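> output the structure for:
(chains A and B)
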Amino acid sequence: MTTMTMGAGDPRGPKPKRMTASRIGVYAFLIISALFFLTPLWVMLVTSFKTMDEVRQGFLFNWPANFTFDPWIKAWDTACTGRYCDGLKPGFWNSVKITLLSVPVSIVVAMINGYALSFWRYKGSELLFSVLVFGAFVPYQVVIYPLIIGMSKVGLFATLPGIVIVHTIFGMPILTLLYRNYFAALPSELFKAGRVDGAGFWGIFFRIMLPMSVPVSIVAVILQTTGIWNDFLFGLVFAGRENMPMTVQLNNIVQTTTGIREYNVNMAATILTAAVPLVVYFVSGKWFVRGIAAGAVKG
Amino acid sequence: MTEVALAAQAQPRRRRRRGSLQAILATTPMIIAAVGVFVICILFSIFWSMTNSKLFPNFNFIGLTQYQRLWGTDRWIVSVQNVLVFGSISLIVGLVFGYLLAVFMDQRIRQEDLFRSIFLYPFAMSLVVTGLVWQWMYDPNLGIQSAVRSLGWTGFTFAPLIHESTALYGVIVGGVWNGVGVTMAILLAGLRGVDGEIWKAAKVDGIPTWRTYLFIALPMMRGAIATAFVLQLTGVVRVFDIVVAMTGGGPGFSTQVPALYVIQHLTDRVNVGQGMAAATMMLAPVMLLIVLRGLFVMRAESRAKRGAK
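Model prediction:
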């Protein structure tokens, strides 16, 4: 689990001298890069506080002359997708529902998988695991259509349980890998001691492994919360109109071709959609990097 | 210690069995996902790619006709070319820019955490958000182009999305902006994992710093590079959201990609057989990687055997 130490350690580069030319070069490169990364966020923010009259003047980078919150209110409350003019709020609440259900379900399932694969291997369990790891690399389009057919046969297509199941399935490869690697790295004495005490499959899981898995579970929660909130394809295909997540609704609002395009409302809507994962990112800090790297451990 | 081991061995066989039965029951979701989705669904996709299914799947077997049609369709050929261009440029730019950022971050700079946050935050935002923001900045009438023109440089042109020849590069910039911070973070962690003695030795030998980074440190961090590479590659094969949000595949076919081709044939174009043929082709690069990896492992094993003799 070398990735668990990511972000730790000290810079290995040569010790800095005074402000030499090369030091200035280093900072110049970093600051110019930082500007490249920050510009879109800046443009999003200033556009969202401008009136449409000001947006039409075309000074993309300027601070708003007439500061207004109206685009934000409109984006949240009254912006239109086709015939429906309820703003982004239904999408927001749908995304909240989908995320709040899918994150715990997918994590609990993967945790049990990882635990079983580490300590209770059965005939064929390793083969199943290989298939699952293969699944991490399968492009979604390859399985999407049969899955639609299968889910509509059992009445789950375009329902909330349906989209939760889909997120659980496609989160499973990486999360199971994450938990299996974590449990496999724990000292086996922990498991043996549990066996000696007479604990069975669930006893060891609840009394020993669940409490031990807090650090890896934080990583899993971050990974899943941002991943599911940001999902577009599954929401588009499996959620149906009733449960349409925020990303899909945002795209519909912005790409609506009828009427004049209100760029300030679009940008306010874009920031609103990005807000939840951004908060997760800034609150979680270095855990976020661990989560991403964990998602890519050993193909 | 030995007592514990003995006690564990002395557990009755029956209990062990019951444990593994419970393990099978507890992992039912995994069995369903692995077999049901990643085996059976793929087999169904391959099967339907050999039928003339239109709106609904049918079982009229027509052999490889859909594949002939697929490779005779401009829209598909352009999709494949686009994903190859998109993929190779994104991978190269991502790795080079990511490594540069990591090296510069490694210079004992001040405010390292601040810079890290700035380089990484785009990845927290969805690709739909990324696509929409860049679409707005690229706007020919009100975006970067007009902002620069209003400063006095009236001949300035920068609106890649409206021309067929440049639209794909516009999408690539958005993709790199979103994901390069992750490459930086992984490679930086790799750099910090390189043995500190190496730096001292290089210094003693009088090797310039940039050469140390390029020829000594880089080859030593294969794990980090492989991780960053695999992460980017899976993103490339799946590229879909950002194209939908930014261009919808246009202008013309100029930013069409395979993932979009499949979805179009399942929805607007109502041609499931054709869509499944395209989806099956998307599986090909994954299969190729698995075969290559298998060969690599086999070669490593046979080498190890020879070494043992």
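> A:Ala21 - how many residues pack around it?
7 (other Cβ atoms under 10 Å in any protein chain shown). Placement of C-beta: from N, CA and C, glycine included.
> residue boundaries of the helices in the stretch 101-250 of chain B?
B:112-124, B:127-137, B:144-150, B:167-192, B:196-204, B:209-211, B:218-220, B:222-238, B:241-246 (DSSP state H, counting those that start in this stretch).
> nearest to A:Thr270, of those helices?
Nearest of the helices of the stretch 101-250 of chain B to A:Thr270, taken as Cβ to Cβ: helix B:127-137 at 5.2 Å.
> low-confidence stretches in the stretch 201-309 of chain B?
B:307-309 (pLDDT under 70).
> which parts of it sit against chain A?
Contacts of the stretch 201-309 of chain B with chain A, taken as Cβ under 8 Å from any Cβ of the partner chain, map to B:203, B:209, B:223, B:226-228, B:230-231, B:234, B:237-238, B:240-241, B:244-245, B:248, B:258-259, B:262-263, B:266, B:272, B:275-276, B:278-280, B:282-283, B:286, B:289-290, B:293.
> whichever of these end up buried, select them in PyMOL.
This is how PyMOL selects the buried members of these, with burial counted by 16 or more other Cβ atoms under 10 Å in any protein chain shown:
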select buried, chain B and resi 209+223+227+228+230+231+234+237+238+240+241+244+245+258+259+262+263+266+272+275+276+278+279+280+282+283+286
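> how close does B:Ile109 sit to B:Asn58?
To B:Asn58, B:Ile109 is 62 Å away according to Cβ to Cβ, to the nearest Å.
> can you check A:Pro90 too?
37 Å.
> B:Ile109 and B:Asn58: which is more packed in?
More neighbours surround B:Ile109 than the other of B:Ile109 and B:Asn58, with 17 against 13 (other Cβ under 10 Å).
> list the contacts of that one.
Contacts for B:Ile109 (Cβ atoms under 8 Å, 6 or more residues apart in numbering or on different chains) come out as A:11, A:26-27, A:30, B:115.
> pipe the residues you listed into CSV and attach secondary structure, distance to A:Trp120 and neighbour count per row.
Listed next are the contacts of B:Ile109 as CSV, based on DSSP: H, G, I helix; E, B strand; the rest coil; distance: Cβ to Cβ, whole Å; neighbours: other Cβ atoms under 10 Å in any protein chain shown:
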residue, secondary structure, distance to A:Trp120, neighbour count
A:Pro11, coil, 43, 16
A:Val26, helix, 52, 20
A:Tyr27, helix, 54, 16
A:Leu30, helix, 49, 21
B:Phe115, helix, 45, 21
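> closest to B:Ile92 among these?
A:Leu30 (21.3 Å).
> and the closest one, what pLDDT?
pLDDT for A:Leu30: 93.
> helices or strands up against the longest helix that chain B contains?
Scanning chain B for the helix with the most residues, using DSSP state H, yields helix B:272-308. For helix B:272-308, the packing partners by 3 or more Cβ pairs under 8 Å, 6 or more residues apart in numbering or on different chains; DSSP states H and E come out as helix A:141-153, helix B:42-48, helix B:65-71, helix B:222-238, helix B:258-266.
> distance from the chain centre to that helix, please.
16 Å (Cα atoms, centre = their mean, to the nearest Å).
> and what of stretch B:93-105?
17 Å.
> could you export the helices of the stretch 101-250 of chain B as TSV, including distance to A:Thr270?
Shown next, in TSV, are the helices of the stretch 101-250 of chain B (distance: least, Cβ to Cβ, whole Å):
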stretch	distance to A:Thr270
helix B:112-124	13
helix B:127-137	5
helix B:144-150	17
helix B:167-192	13
helix B:196-204	44
helix B:209-211	40
helix B:218-220	37
helix B:222-238	21
helix B:241-246	10
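> nearest approach to A:Phe137 belongs to which of the ones you listed?
helix B:222-238 (6.0 Å).
> tell me what angle the closest one forms with helix B:127-137.
70 degrees (axes from the mean of the first three to the mean of the last three Cα atoms, to 10 degrees).
> report the angle between helix B:222-238 and helix B:167-192.
160 degrees.
> so B:Ser254: helix, strand or coil?
When classified by DSSP: H, G, I helix; E, B strand; the rest coil, B:Ser254 comes out as coil.
> residues in contact with it?
B:78, B:82, B:164-165, B:167-168, B:247.
> likewise for B:Val244?
Applying Cβ under 8 Å, 6+ apart, the residues near B:Val244 are A:232, A:251, B:128, B:131, B:260.
> measure it to B:Tyr169 for me?
For B:Val244, the distance to B:Tyr169 - Cβ to Cβ - is 18 Å.
> ditto for A:Phe29
Taking Cβ to Cβ, one finds A:Phe29 at 22 Å from B:Tyr169.
> reformat the contacts of B:Ile109 as JSON lines; add distance to A:Phe134.
JSON lines is the format used below for these (distance: Cβ to Cβ, whole Å):
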{"residue": "A:Pro11", "distance to A:Phe134": "38"}
{"residue": "A:Val26", "distance to A:Phe134": "43"}
{"residue": "A:Tyr27", "distance to A:Phe134": "45"}
{"residue": "A:Leu30", "distance to A:Phe134": "40"}
{"residue": "B:Phe115", "distance to A:Phe134": "37"}
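> farthest-separated two in those?
A:Pro11 and A:Tyr27 (14.6 Å).
> quick check: which ranges of the stretch 151-299 of chain A have low pLDDT?
Using pLDDT under 70, the stretch 151-299 of chain A drops low at A:257-259, A:291-299.
> which residues sit in contact with B:Pro140?
Contacts of B:Pro140 by Cβ under 8 Å, 6+ apart are B:146, B:159, B:162.
> spatially nearest residue to the first one, not counting backbone neighbours?
With sequence-adjacent residues excluded and distances taken as Cβ to Cβ, 6 or more residues apart in numbering or on different chains, B:Ser146 is closest to A:Gly58, at 3.9 Å.
> with the last one instead?
With Cβ to Cβ, 6+ apart as the measure, B:Pro140 is the residue that lies nearest to B:Ile162, at 5.4 Å, once sequence neighbours are left out.
> which pLDDT value goes with that neighbour?
The model's pLDDT for B:Pro140 equals 84.
> repeat that for the one 4 residues further on.
Looking at B:Ile144, its pLDDT is 85.
> wait, isn't it in contact with A:Leu60?
Yes - B:Ile144 lies in contact with A:Leu60 (Cβ atoms under 8 Å); the separation is 6.2 Å.
> which one's more surrounded, these two?
A:Leu60 (24 against 19).
> am I right that the more buried one sits in a helix?
No - inclusion of A:Leu60 in a helix is not indicated when three-state DSSP is applied; the result is coil.
> you'd agree it is up against A:Val43?
Yes - the criterion here is Cβ under 8 Å, and A:Leu60 meets it with A:Val43 at 6.0 Å.
> domain map for the chain?
Going with chain A. A:2-71, A:89-294 (automatic domain parsing).
> not what I meant, chain B
If you go by automatic domain parsing, chain B breaks into B:14-48, B:75-308.
> any part of the first one near chain A?
Same thing as domain B:14-48. Yes - Domain B:14-48 reaches chain A (Cβ under 8 Å from any Cβ) through B:15, B:18-20, B:22-24, B:26-27, B:29-31, B:33-42, B:44-45, B:48.
> what about stretch A:201-213, how long is it end to end?
In stretch A:201-213, first residue to last residue: 16 Å (Cα to Cα, to the nearest Å).
> rounded mean pLDDT for stretch A:51-64, please.
83.
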